[in-house]
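Asks: mind folding the following:
(2 chains)
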Amino acid sequence: MKKLLTLITLMAFVTITKAQDYKFGKVSKEELQEKVHPIDSSANAAVLFKDEKVSFLFTQNQGFMQQREVHERIKIYNKEGYEWATHKINLYKGSSGASSEKLLNLKGHTFNLKGSKVEKDKLKNDGIFEEKLNDFVEINTLTMPNIQDGCVIEYTYKISSPYLEIDDVYFQKRIPINELRVKVSTPQYFNYNKKSNLKAFFSPNFKESKEARSVNMATNTRKLHLGVNQNAFQTSKSEYFDNVVKISESNIPAIKSEAFAGSMDNYLSKMSFELAAILDDNGIPEKTFASSWEKVSKSIYDRDDFGKQLELTKFYRDDISSILQDITEPFEKAFLLQNYVKSKVKWNGYYGYSTYRGVKKAYNEGEGNVGDVNLLLTAMLRSQGVNANPVLVSTKNNGIPLYPTRKGFNYVICMVENQGQYVLIDATEPYGFLNVLPERALNWQGRLIKRDGSSNWVSLMPNKQSLESTSLNIKLEDDLSFTGKVRQMITSNLALRYKKRYVGMSQDDQTKMLEKNKGAIEISETKMDAKDNGAFSISYNYRLNDAIDDIGGKLYFNPLLFMAEKENPFKLDVRQYPIDFTMPFKDKFKVNIMLPKGYKVEALPKSEVMEFKEGAVKYTFIAKQNGSYVQLSTELDLKSPIIDSSDYSVFKEFYGKVVEKQAEQIVLSKI
Amino acid sequence: MIYYFSIGILFSNIMFYMKYIKALLACVFSLLFAVSSSQSDIDYRASTIPINLKIKANAVVRFDKQIVEINDFDDMYITTKRIVTVFNEYGNRHQNAFEGYDSNTKIKKMEARIYNESGEEIKKIKLRDFSDQSAVSGGTLYSDSRVKYLSYTPVKYPYTIEYSSEVQMKSTAFVPQWHPIDDYYVSVENSEYKIINNSNVKVRTKSENFDTYNIEVLSDTHVKAKNLSGIKYEAYNPGISNIVPSLKSALSIFNMEGVKGENNNWGDFGKWMYNKLITGTDAIPQSAIDEVKALTANTTDNLEKAKLVYQYMQDKTRYISVQVGIGGWKPMDAMDVDKLGYSDCKGLTNYTKALLEAVGVPSYYTVVWGDDDIKSIDSEFSVTEGNHVILCVPNNEENIFLECTSQTNPFGFTAGFTDDRDVLLVTPEGGKIAHTKVYNAEDSQQITTANVNITATGDISAQVEVKTTGYQYGLHGHVVNQSMRDQKLNYKEYWDNINNLEVLSININNDKNAVVLKETIDLKATNYASKSGNRLILMPNMFNRMTNIPPRYDKRNLDFKLQRAYKDVDEFIINLPEGVVVEAMSEGEKTESKFGSYEYRIEQIDGNKLKYSRTYIMNKGNYSKEDYSTFRDFKKRIVKLDKNKIVLKVN
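Replies: Next up, the predicted model:
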């Protein structure tokens, strides 16, 4: 009975929600009276309703123009939510008015409840700011008037664009969305690939259909989709249809950031559209863009600013012949040439898989984007008979490419193969190495394109565990300070991280950096060295004070001294997104403690092995006494860098135990 | 290749602001004039830099010459030539190859040349090749100023850049100032600054920190510096702008975007602001007047009225940064603020002033340097300066200052942003210098009390109360508006010395009237005390441990400053379970220095209870570099004493 009652109430509730009408310019008292979000009480604001429509309007002068109509109603609960009263609209500006996007019909209101009366303030021109950011982008910022706790704002606008490219449609925000309506209608002549973000925690249901359309034409141009303006002699009516994608969703949760998850944008729910083909009246492709990974790869390869660049050899031929001389081993050639490119052409910070300046200009001017730098390297290697090919990459910030798309890639690296083995190289990273890519490029897998245009996936994830191996010598002095030496060797991707931090820094600053957060320590004889094999070594002497407790005639201290992990960085109770450690690694310690004369070991931390998920992560802690020495060896072994969110609480507990173990003390007592 | 960088806070915003001012406002014109610098003397080779200038430097300014020509009160022409050798990526920002512009500022010439290490020219950048962007920064919604800047990717270090520009300005309110050293880790080989006054307008100047540097004073308006070594960043420094030489200049008659003004002293400047920028902007609609009058009808006390009006303004408005109108110096009309419900600091302050006026409470528009770092308006030299505006309500002897950009700030609360500094009051009689509230140690307290239960296995559960006032209220205030999830994270990070911390409940009481924040947290943690055989090792200072020791310097170069005083008081009652007894503990210890005092005590009370109490007072002050190691030792001692442990025996 009780169950049934709940069901009835629930249905009634649902009916009410559905019955709500979101007519522009009219809000209900209930919307204004609401004090907290009914589902997410932490929300400072919420989208009550959002309607976004993308369609293409045909006019004889302009052909198909893309229209994006947005109607958004936002509830602001408190002052922390005031930022949502400001909204930015970016418009792409071409070289002329006709090639520029335009903002039309912008209207907005703020609604407040004054007593029992609904007060409405209109968004006027003084709340709209138009600004040219640079040559390509104009920002229109609107800020709503009279914002107070509990108010509701609403705006609507239309963007008219001469481009066929459709911007991603987002289904999620940092605040909850109560009701979302999306409709994307694309004329039959344009075939778009669409895909939603599979990494998103929330994914909407969508319905596809066809809708009939017609246009009146003042000419009988058959290929109306080309939008050619011809001299008009007669009027005719053309019939066609739109492919329609519709979404209608309720109660979309807000996305909330989590530490160690990488960019949250990767997890936002959204849908991408990419133009795959332009079709004729009969549905036969006139021009295709992308429909499979092979085609995407081929279409990229065929571009002048990609494949053609790999054939240019003249301008550097003489320069590199002297570098390689009698080297025959391909990987050795790769090593030497990546060093040469690094010294000769600097990355200017811009991404892109294709060249911006072209490899020749980049080479001559010493500067280029990712495409310029890495395609130049690939071209050089090929010119020396090395089997080198470009690999298309989507950087971490760009997300994982979900489906065959040129837009999905934004970066390129180089791969060299020889006798079944391969190395990946990125010459934009000054401290990079063979098979050690910068973190921005370590995103799942890349697409290798060979000379004949054929292509396949290669894994970008570091296949080799990075090793951080530390030896710590400890001597307890009579004044109860510790002295000793630290030696560290770091390899692979972890070494890159260290190099980026320390290489080039003065010894004094390196020492300062090392002393940070290590308590009352004085470090001297700091030596850091980037090895020829890509590894990085650190060594220094230290004196540490105040790290031992002398209580009741007994000495207590932590055998890892300043090297112990002090806190568990995983603090959230639950997670929705995986933890990403970026690379598999092994963190090893060998500690050698020389006991002071006249003391004996009263208690040692217990040796122990801890495992997470059948050894996917393993922590080993071994302590033993050996005459007047105590030896400790510990190892944290992480085989895969990704910890799934479903394993989070187990992992958090495991990591907490590791931190606890490292906090355990040695107790010495007088003989 | 060696580079230097600042650990901790990078160079202050102030220096950025100075550059920005220069950018916004650099310069005037005369066709007759050309820079006749002895250009041929300059050696573009990096190898010719004296070795002492290469130490502690990411870049060396080889040559820097700025000529400011004053042709009239509204006509200024600025010619800049600057040659910088950059040693590494951190030195790139010393190129200073950018100019701001707007409708009153015209860039007449702009050019850069790049030379390689051996002094050969490798690139030339012309005016049209500079990047052009809106000068909107982070929080600003809109600004009508733009900037042209050089975006050059160095191929190899070192390289040398020669930059020259000519800019004509109609606004003369911001005469470029001379800062030969404008950042850490940059050395200066030659720097020259000269004002050529072709007008009848009087030019006033003021020099600072000339004595300790190699400065050649040719006249009041013509100075040269040679071989200034780079300055290394050190923690607790008194702010680089207070250490380095500078020459400030101002015109006695100036123009700010078409508004003429007089400036011989702060009295003049304030009068100009009052008459030309504020008067006429303060009308508010009758409805607002009626509302605040009704709101304050029951009181005759000015302070009470001001409180009510301040709350009214906070409820009605929000802060939006829109930098338009008179170089970003004129407030938006109060009428518009009332209508739109938003504005920037100037508009909101002016609006509040108008509301107060309606209920008969006088107040003054006040210009200030707003920052966590304390910086004063120069009481001795009147020049267009400051980055923020607040409102002063005179109240007998004591002035009350209102931050009008915050919707949540308690009435009169200024700690952490505008406290303890000289400010400019804009009164109808002219400008006056005043000092904002000083928060002393007793005003800025953090009182933590806790009742803790510990188990025989070392787990703890506790109820903790943290009460804060003054500056420390400001440090804790952010939790008030956080979601439960973020509050929990906040406490886990605040008490990061406790592993496995679980937050059970949170209760926050923000008494804005008394300006006291009370946070009550129930929490528990497993294995807080570490086990060693049948002993438990317990750190009794669970909830307020100091862990940071100031960085060590073999040789400290700069004097240091402790900006604010504060006081921490802690008292934790620890209840031991049956069968657990104290095996060893200290009774307590005390340490004192001119920087502050610290004391902790542990007592056994009521049989099986321990009481841990701790008091720590930090004094503010300016100290010499010789005192730094004593200061560090004092802090080091506290860090050690905060780690003190009790050994418990489990029977």
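
Asks: what's the spacing between the most centrally placed residue in chain B and residue B:387?
Replies: Nearest residue to the geometric centre of chain B (C-alpha atoms, centre = their mean): residue B:371, 3.1 Å. Look at residue B:371 and residue B:387: by C-beta to C-beta, to the nearest Å, they are 8 Å apart. Every residue, glycine included, has its C-beta placed from N, CA and C.

Asks: contacting residues around residue B:97?
Replies: The contact partners of residue B:97, by C-beta atoms under 8 Å, 6 or more residues apart in numbering or on different chains, come to B:82, B:112, B:130, B:149, B:150, B:152, B:161, B:163.

Asks: still on that earlier bit, A helix includes the residue nearest to the centre of chain B, no?
Replies: No: assigned with DSSP: H, G, I helix; E, B strand; the rest coil, residue B:371 falls outside any helix and is coil.

Asks: my guess is it contacts residue B:416. True?
Replies: No: judged on C-beta atoms under 8 Å, residue B:371 makes no contact with residue B:416 at a distance of 9.4 Å.

Asks: give me the buried positions along stretch B:454-469.
Replies: B:454-456, B:458, B:460-469 (16 or more other C-beta atoms under 10 Å in any protein chain shown).

Asks: what residues does the stretch 201-350 of chain A put near chain B?
Replies: A:256, A:343, A:344, A:345, A:346, A:347, A:348, A:349 (C-beta under 8 Å from any C-beta of the partner chain).

Asks: average pLDDT for the helix or strand containing residue B:447?
Replies: According to DSSP states H and E, residue B:447 maps onto strand B:445-454. The average pLDDT within strand B:445-454 is 98.

Asks: and it, how far out from the chain's middle?
Replies: On the basis of C-alpha atoms, centre = their mean, to the nearest Å, strand B:445-454 sits 32 Å off its chain's mean C-alpha point.

Asks: what's the first helix or strand after it?
Replies: Sequence order places strand B:460-469 as the next helix or strand after strand B:445-454, per DSSP H and E.

Asks: do you know the pLDDT at whichever residue of the stretch 301-450 of chain A sits closest to chain B?
Replies: For the stretch 301-450 of chain A, the residue closest to chain B is residue A:366, as judged by C-beta to the nearest C-beta, at 3.4 Å. pLDDT recorded at residue A:366 is 90.

Asks: could you check how far it is from residue A:341?
Replies: From residue A:366 to residue A:341 the distance is 11 Å (C-beta to C-beta).

Asks: more neighbours: those two, which one.
Replies: residue A:341 (26 against 18; other C-beta atoms under 10 Å in any protein chain shown).

Asks: give the contact list for the more buried one.
Replies: For residue A:341, the contacting residues are A:373, A:376, A:377, A:380, A:427, by C-beta under 8 Å, 6+ apart.

Asks: if we can go back for a sec, in JSON lines, list the contacts of residue B:97 along with neighbour count.
Replies: Conversion of the contacts of residue B:97 to JSON lines gives the following (neighbours: other C-beta atoms under 10 Å in any protein chain shown):
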{"residue": "B:82", "neighbour count": "21"}
{"residue": "B:112", "neighbour count": "21"}
{"residue": "B:130", "neighbour count": "22"}
{"residue": "B:149", "neighbour count": "18"}
{"residue": "B:150", "neighbour count": "19"}
{"residue": "B:152", "neighbour count": "21"}
{"residue": "B:161", "neighbour count": "26"}
{"residue": "B:163", "neighbour count": "22"}
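
Asks: give me the number of residues near residue A:633?
Replies: Residues contacting residue A:633 under the criterion other C-beta under 10 Å number 16.

Asks: could you find the closest non-adjacent residue to the residue nearest to the spatial centre of chain A?
Replies: By C-alpha atoms, centre = their mean, chain A has its centre lying nearest to residue A:397, at 2.8 Å. Once flanking residues are discounted, residue A:397 sits nearest to residue A:263: 5.4 Å by C-beta to C-beta, 6 or more residues apart in numbering or on different chains.

Asks: do residue B:132 as well
Replies: In space, residue B:132 is closest to residue B:148, 5.2 Å off (C-beta to C-beta, 6+ apart).

Asks: okay, the one you found: pLDDT?
Replies: With respect to pLDDT, residue B:148 scores 90.

Asks: so what's it up against?
Replies: Applying C-beta under 8 Å, 6+ apart, the residues near residue B:148 are B:98, B:99, B:101, B:107, B:110, B:127, B:130, B:131, B:132, B:133.

Asks: in which helix or strand would I find it?
Replies: Going by DSSP H and E, residue B:148 is part of strand B:146-149.

Asks: avg pLDDT for stretch A:31-45?
Replies: On average, stretch A:31-45 scores 93.

Asks: number of nearby residues for the residue nearest to residue A:397?
Replies: Count around residue A:263 with other C-beta under 10 Å applied: 13.

Asks: got the residues of the stretch 551-671 of chain A near chain B?
Replies: A:551-552, A:554, A:556, A:566-568, A:571-573, A:602-603, A:656, A:659-660, A:663-665, A:667.

Asks: one more time with 6 Å
Replies: A:551-552, A:567-568, A:571, A:603, A:656, A:659-660, A:663-665, A:667 (C-beta under 6 Å from any C-beta of the partner chain).

Asks: any idea what the nearest residue to residue A:179 once chain neighbours are set aside is bridged to?
Replies: Computed as C-beta to C-beta, 6+ apart, the closest residue to residue A:179 that is not its neighbour in sequence is residue A:49, at 4.6 Å. Beta bridges link residue A:49 to residue A:73, judged by DSSP bridges.

Asks: what's the distance between residue A:49 and chain B?
Replies: Residue A:49 sits 23 Å away from chain B, going by C-beta to the nearest C-beta, to the nearest Å.

Asks: list the pairing partners of the strand holding residue B:447 within its sheet, with orientation.
Replies: Paired with strand B:445-454 in the same sheet, following DSSP bridges, are strand B:460-469 (antiparallel), strand B:566-575 (parallel).

Asks: quick one: name whatever helix or strand follows the last one.
Replies: Read it as strand B:566-575. Reading on from strand B:566-575 to the C-terminus, the next helix or strand found by DSSP H and E is strand B:580-584.

Asks: what about dumping the CA coordinates of that following strand to CSV?
Replies: Presented in CSV, the C-alpha positions along strand B:580-584 are these (Å, rounded to 0.1, in the frame of the first residue of the first chain):
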residue,chain,number,x,y,z
VAL,B,580,46.1,3.0,29.1
VAL,B,581,48.5,5.0,31.2
VAL,B,582,51.1,7.7,30.5
GLU,B,583,54.6,6.2,30.4
ALA,B,584,56.4,9.4,29.4
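
Asks: what residues sit buried inside the helix or strand that that strand is followed by?
Replies: As assigned by DSSP H and E, the chain's next helix or strand after strand B:580-584 is strand B:588-593. Within strand B:588-593, the residues that qualify as buried by neighbour count (16+ other C-beta under 10 Å) are residue B:591.

Asks: now strand B:588-593, how far from the chain's geometric center?
Replies: The answer for strand B:588-593 is 33 Å, by C-alpha atoms, centre = their mean.

Asks: average model confidence for that strand?
Replies: 96.

Asks: where do the strands of the stretch 251-400 of chain B begin and end?
Replies: B:253-256, B:259-262, B:318-319, B:321-323, B:342-343, B:364-368, B:388-395, B:398-402 (DSSP state E, counting those that start in this stretch).

Asks: isn't residue A:261 up against residue A:577?
Replies: Yes: between residue A:261 and residue A:577 a contact is recorded at 4.2 Å, counting by C-beta atoms under 6 Å.

Asks: comparing these two, which residue is more hemmed in?
Replies: Using other C-beta under 10 Å, the more surrounded residue of residue A:261 and residue A:577 is residue A:577, with 21 against 16.

Asks: distance of residue A:77 from residue A:37?
Replies: Separation of residue A:77 from residue A:37 (C-beta to C-beta): 7 Å.

Asks: that should have said residue A:94, apologies.
Replies: For residue A:94, the distance to residue A:37 - C-beta to C-beta - is 41 Å.

Asks: those two: which has the busier surroundings?
Replies: Between residue A:94 and residue A:37, residue A:37 has the larger neighbour count (other C-beta under 10 Å), namely 19 against 14.
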